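Novice: got a sequence here, can you build the structure:
(2 chains)
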Protein chains: 2
Amino acid sequence: MIQTILLKNRPKGTPSPSDFEFIKEEDSLTVEDGQLLLETLYVSVDPYLRGRMSDAKSYVEPFELNKPIHSGVIAKVLESKNDNFKEGDYVSGMLDWKTKQVSSGKGLQKVDPSKADLSAYLGILGMTGLTAYCGLIEIGKPKEGETLVVSGAAGAVGSVVGQIGKILGLKVIGIAGSDEKVELLKSKFGFDAGINYNTTENITKAIAEVAPNGVDIYFDNVGGPISDAVLFNINKFARTVNCGAIAVYNNTEIPKSISVRPFLIKNSASMQGFIVSNFEDKFPQAIKTLSGWLADDKLTYSETIVEGFENIPQAFIDLFDGKNKGKMVVKI
Amino acid sequence: MIQTILLKNRPKGTPSPSDFEFIKEEDSLTVEDGQLLLETLYVSVDPYLRGRMSDAKSYVEPFELNKPIHSGVIAKVLESKNDNFKEGDYVSGMLDWKTKQVSSGKGLQKVDPSKADLSAYLGILGMTGLTAYCGLIEIGKPKEGETLVVSGAAGAVGSVVGQIGKILGLKVIGIAGSDEKVELLKSKFGFDAGINYNTTENITKAIAEVAPNGVDIYFDNVGGPISDAVLFNINKFARTVNCGAIAVYNNTEIPKSISVRPFLIKNSASMQGFIVSNFEDKFPQAIKTLSGWLADDKLTYSETIVEGFENIPQAFIDLFDGKNKGKMVVKI
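Specialist: Next up, the predicted model:
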């Protein structure tokens, strides 16, 4: 039997299990010339998928209703009629939420389980690491000695951004949602300071205390009131890297904020949104650099690995409660 | 007698005449070695001065209470003990709101009344023109065929931005506050279309109608709800040039807006604040280009010239009601 997860309803607000539908069908897959048969091993669940579940204009096409959802997947090649892959290879790519599937091989990359855990290719050596690296380097344009604030700092991208910041000689402050996460930022990821937004009354003041020289780069994964609070601390020529807005993705009305414009004008500051594919030409260099840092133990990562194909929707939903530490991955 | 205008109170909300104080004193000015005696001919009043009247953190120091206000001024040299200037020269620079004053000559530029009207050196060949040129070129990064929306389009900076846009082959849409201004945008400044925000119910829809290909560059002089409306029309990789926020400068509370962040992320778009002095190294080239366009009649400008030193505060206050067409200048 092959299992598949379809998008049943476009979520209103926070996604719920009833927005997803599981179907089972007989395994009648056949592999034609040029194709591969793949067995899904790991599935990546990521906040950006929320955007694709809506039909609002977005940077990518919305998922179709009653069709399989897809995301980053690590799979094993069970059978190959494609010269680029052979049985037993491991690959990563954008694939359906399906236990087994046939692929043309297009867009798949081979990954090497002897160099890193397979799940790492969905995280630090995959989109997560590339997002952190390209966003910080290409948009943040960090200079040694500057101060970097990261929101969603204990998340998959945030924890990598902070570590790269430290490697590059920045002062790094993370904002996260529990004391446990803040502790992890400092002990595991080497952040200089952490702020628990759930227990801090005045985030602007808390940042000012740990960043007395102001904020030069703000790597923003959350996009809500926490980001407003950071604005009061930005320096002249500050750069905000708008990576995500998980705080507002589930809003059913257009979210409000304080107006960022006077802050940008006063400080000659910038905000720049991006998706990682804007920087595709930088990927080979980025992966090389990240792999090197990983091999040298300059970089580490957290994963929350949930087991079982049937738990993919809940793992995705749990992202919005911050139940993950680092990259959320489902092992099949 | 010499007249001077002091800042008496920090305005709350919209400035009022009572925030300014006029003083008269005997003319006992003496010129020492290296100094100049100047007679004020034209005074520039500009929205950005509102920021300097507050004591909030800004990009420049706030004006001091009970001290003269200063802004761009064109003056005539009455007496010179400075080798760089001689009696009868005309100069432009940041000078006090004073009918006569002594200067060290620092920061003053000679201007040539045979090449352009003296008031033009406060406008199209001064900070206004430089702001329009540098903001559009350096931040907007225009490419032929793109669509540019300008708010405050009939204002000093906006009307120049639109014309430069046309020279560079852009489709240019202006947003202004009256039918008369909208007409002027099209007939005098060559904009492709104009929108009267006071009579247009749905600005987002109105932009979509005249910009069916979406907005690539938004040159923002106003920063309020009009700018929110533009967000819904931006294209992938759109650039917002945050030049001014006159719509919110008089707010006594921190202004709210819809959250720009999801729009920036969805579109890989940017917002960049600036002040013209960020681009000082581009000024010589910019002035040369602007002068050339002016001489070739590719560029024109509007001025609202108010007469009388005593009318400077009211001319400034009138900016916030949009009573000016183009650059607001006071002739002494």
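Novice: domain ranges for chain A?
Specialist: A:2-123+A:302-331, A:127-277 (automatic domain parsing).
Novice: any idea where the helices of chain A begin and end?
Specialist: Under the criterion DSSP state H, chain A carries helices at the ranges A:49-53, A:127-134, A:156-167, A:179-187, A:203-210, A:225-231, A:261-267, A:283-295, A:312-318.
Novice: of all these, which lies closest to chain B?
Specialist: Closest approach to chain B among the helices of chain A is made by helix A:261-267 (3.2 Å; CB to the nearest CB). Every C-beta, even on glycine, is put in place using the N, C-alpha and C of the backbone.
Novice: quick check: buried residues in the closest one?
Specialist: Judged by neighbour count (16 or more other CB atoms under 10 Å in any protein chain shown), helix A:261-267 contains these buried residues: A:261, A:262, A:263, A:264, A:265, A:266, A:267.
Novice: return it as CSV; C-alpha atoms alone will do.
Specialist: Provided in CSV are the C-alpha atoms of helix A:261-267 (Å, rounded to 0.1, in the frame of the first residue of the first chain):
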residue,chain,number,x,y,z
ARG,A,261,8.7,53.7,7.2
PRO,A,262,9.7,56.5,9.6
PHE,A,263,12.3,54.2,11.1
LEU,A,264,13.8,53.3,7.7
ILE,A,265,14.0,57.0,6.8
LYS,A,266,15.5,58.2,10.1
ASN,A,267,18.1,55.5,9.9
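Novice: can you give the strand pairings for the lengthiest strand in chain A, parallel or anti for each?
Specialist: Ranked by residue count, the top strand of chain A under DSSP state E comes out as strand A:70-80. In the sheet, strand A:70-80 lines up against strand A:36-44 (antiparallel), strand A:90-96 (antiparallel) (DSSP bridges).
Novice: any stretches of the stretch 201-332 of chain A with poor pLDDT?
Specialist: Under the criterion pLDDT under 70, no range of the stretch 201-332 of chain A is flagged.
Novice: which positions in it make contact with chain B?
Specialist: The stretch 201-332 of chain A comes close to chain B at residues A:220, A:223-224, A:227, A:236, A:242-245, A:248-249, A:254-275, A:278, as judged by CB under 8 Å from any CB of the partner chain.
Novice: rerun at 6 Å
Specialist: Within the stretch 201-332 of chain A, the positions near chain B by CB under 6 Å from any CB of the partner chain are A:223, A:242, A:245, A:254-262, A:264-266, A:268-274, A:278.
Novice: what number of residues lie near residue A:253?
Specialist: Using other CB atoms under 10 Å in any protein chain shown, residue A:253 has 7 neighbouring residues.
Novice: for chain B, give me its nearest residue in the stretch 101-250 of chain A.
Specialist: For the stretch 101-250 of chain A, CB to the nearest CB, closest residue to chain B: residue A:223, 4.2 Å.
Novice: could you check how far that residue is from residue B:262?
Specialist: Distance, residue A:223 to residue B:262, by CB to CB, to the nearest Å: 7 Å.
Novice: ditto for residue A:130
Specialist: 21 Å.
Novice: list the contacts for residue A:168?
Specialist: The contact partners of residue A:168, taken as CB atoms under 6 Å, 6 or more residues apart in numbering or on different chains, are residue A:142.
Novice: need the per-residue pLDDT for it.
Specialist: Model confidence at residue A:168, given as pLDDT, is 98.
Novice: got the contact list for stretch A:150-167?
Specialist: A:123, A:128-129, A:131-132, A:136, A:148, A:172, A:174-176, A:181, A:184-185, A:189-191, A:219-222, A:226, A:298-299, A:325-327.
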